[in-house]
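Asks: I would like to see how this sequence folds:
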Amino acid sequence: MLLNNKERLITLLIVVSAIFLLSLALSLLLPAVFETGEITDSIILTSHSYTEPYGSLVQNESKKWFESGNPLQAAQYDGTITNPTSYDITSWQIQFELPEKAYISDSWNGIYSEQNRIQTINPPKDYNLTIPTGGTITYGFIMFAPRTYVPGEVTLNYKQKIEISHAWYYYAILILTIVSGSSLLICIPFIIKVLDLQKKEENARITIEQTLKLFANTIEAKDKYTSGHSARVSFYVKELAHRMGLSKQDQQNIYYMAIIHDVGKIGISDSILSKPDILESNEMDIMRTHAAKGGEILADFGSLPGAASVVRHHHERYDGKGYPDGLKGEEIPLFSRIISVADGYDAMTSDRCYRKKLPMSMVREELIANSGTQYDPKVVKCMLDIMDSGFTPRN
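Replies: Here you go, the predicted structure:
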């Protein structure tokens, strides 16, 4: 009986695999179906144009630093693509040359790959796939490069849809793709039973990180002023953890937790998250619930033990006047205290809808003034040490 069941399962997997391959092949045929309705072009991006796409890639002057022992300067680079033409851009790709020894450590709003010093950026899988008429998309990354590096020519490869074909076989391909995709989803539990997963731990790590970044990107997409916030906070947090002598595993765990420290904002109304002004008292009360909501969302997230408590308490104050539970001092989880400082630092050094970023001298004053009240003094000392050693942006 067991043998028969196994043979049936193998037969089923063969059928499902055949359906999947057919679906994949048909999906690859879709661009060919619409080829006559598209134009393909490749241009060097300029700062402005009325007749073709334009954009920029610039170094963020307030987001650059040095790591201990690394001769390369790290900096955040911000890119844009704007479509002023009469047709939607349906497919795009950015390419530019990397300087010698340079490398990208973190990125957002794109799929990044490099070959022979040519950096390629393709659209994310789930958003920014198209650029509508009059629309603009953004992307960015943190790159380690020589201090004198200035971004050069940026090439945009793109397609624009001119007309839509209504051929009958389009609908046939669409139906077959849906059927094959549905069949694959139905058979996923059987596939899991027979697949001998290699490098299980590595695959789980990749899945966790992608999930966490998806959470963060989903939230930050609602407010342009928080774009890249989670990436920067997680970057600062990992360095703070290293300077405070935490183990490599703890450094990795707190990095993941920092990526999703604002996950509770997914339960906050868009009207509050994207309000272009200072929040009213009742709105601020609602906004403050995001910490507790984040803890609730992560309560059953067993892949990252302790994340629920850390996220819940990242807005507690060292003097006990924070939220949601009014914990104080060592009662607050250490990871929460570290994230709190990094979160506050990034908020002060970034533009907000209601104010511009603060000068670095004022940021230093704020950290010192709030040491022992809002922030853990030990974490503040490490943050100031990082600022003095050149890791974080200077005036």
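Asks: Wait, Ser303 touches Ile208, no?
Replies: Yes. Taking C-beta atoms under 8 Å as the definition, Ser303 is a contact partner of Ile208 at 5.2 Å. Where you see a C-beta, it was placed from the backbone N, CA and C, and this is true even at glycine.
Asks: what sits against Phe141?
Replies: 76-77, 104, 106-108, 110, 112 (C-beta atoms under 8 Å, 6 or more residues apart in numbering).
Asks: again, 6 Å this time
Replies: 77, 104, 107 (C-beta atoms under 6 Å, 6 or more residues apart in numbering).
Asks: What is the neighbour count of Arg337?
Replies: When neighbours are defined as other C-beta atoms under 10 Å, Arg337 has 25 of them.
Asks: Ignoring the adjacent residues along the chain, who's closest to it?
Replies: Excluding the flanking residues, the one nearest Arg337 by C-beta to C-beta, 6 or more residues apart in numbering is Asp376, at 4.1 Å.
Asks: how much space between that neighbour and Thr218?
Replies: Using C-beta to C-beta, to the nearest Å, Asp376 is found at 30 Å from Thr218.
Asks: Name the residue in the two with the higher neighbour count.
Replies: Shown here are Asp376 and Thr218; by other C-beta under 10 Å, Asp376 has more neighbours (21 against 14).
Asks: The more buried one reaches Asp319, doesn't it?
Replies: No. Counting by C-beta atoms under 6 Å, Asp376 sits too far from Asp319 to count as a contact (10.7 Å).
Asks: quick one: low-confidence parts of the stretch 251-395 of the chain?
Replies: 353-354, 390-395 (pLDDT under 70).
Asks: ok, back up a step: which one (most neighbours) among the contacts of Phe141?
Replies: In terms of neighbour count, Tyr77 stands highest of the contacts of Phe141 at 21 neighbours, by other C-beta under 10 Å.
Asks: can you pull out the strands in the stretch 151-300 of the chain?
Replies: Secondary structure of the stretch 151-300 of the chain by DSSP state E, counting those that start in this stretch: the strands cover 155-161.
Asks: how about the helices in it?
Replies: Secondary structure of the stretch 151-300 of the chain by DSSP state H, counting those that start in this stretch: the helices cover 168-194, 200-220, 229-243, 248-259, 270-273, 281-287, 290-297.
Asks: List just the one of those that sits closest to Ser309.
Replies: Ser309 lies closest to helix 290-297 among the helices of the stretch 151-300 of the chain, at 6.7 Å (C-beta to C-beta).
Asks: buried residues in the closest one?
Replies: 290-295, 297 (16 or more other C-beta atoms under 10 Å).
Asks: What would it look like as PDB? C-alpha coordinates only.
Replies: The C-alpha atoms that make up helix 290-297 are tabulated as PDB, following Å, rounded to 0.1, in the frame of the first residue of the first chain:
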ATOM      1  CA  HIS A 290       1.500  50.400  16.600                       C
ATOM      2  CA  ALA A 291       4.100  49.000  19.100                       C
ATOM      3  CA  ALA A 292       1.500  46.800  20.800                       C
ATOM      4  CA  LYS A 293       0.000  45.800  17.500                       C
ATOM      5  CA  GLY A 294       3.400  44.800  16.200                       C
ATOM      6  CA  GLY A 295       3.900  42.600  19.200                       C
ATOM      7  CA  GLU A 296       0.500  41.000  18.600                       C
ATOM      8  CA  ILE A 297       1.300  40.400  14.900                       C
END
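Asks: Give the other helices and strands that the next helix or strand after it contacts.
Replies: Counting by DSSP states H and E, the next helix or strand C-terminal to helix 290-297 is helix 307-312. For helix 307-312, the packing partners by 3 or more C-beta pairs under 6 Å, 6 or more residues apart in numbering; DSSP states H and E come out as helix 290-297.
Asks: now with 7 Å?
Replies: helix 248-259, helix 290-297, helix 334-348 (3 or more C-beta pairs under 7 Å, 6 or more residues apart in numbering; DSSP states H and E).
Asks: Using CSV, please lay out those helices together with distance to Lys328.
Replies: Below are the helices and strands packed on helix 307-312 laid out as CSV (distance: least, C-beta to C-beta, whole Å):
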stretch, distance to Lys328
helix 248-259, 21
helix 290-297, 16
helix 334-348, 11
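Asks: Give me whichever of those helices is most buried.
Replies: Of the helices and strands packed on helix 307-312, the one with the most neighbours on average (mean count of other C-beta atoms under 10 Å) is helix 334-348, at a mean of 23.
Asks: how far off helix 334-348 does the next helix or strand after that helix point, in degrees?
Replies: Proceeding N to C from helix 334-348, the next assigned helix or strand is helix 360-369, under DSSP H and E. Orientation check (axes from the mean of the first three to the mean of the last three C-alpha atoms, to 10 degrees): helix 360-369 against helix 334-348 gives 150 degrees.
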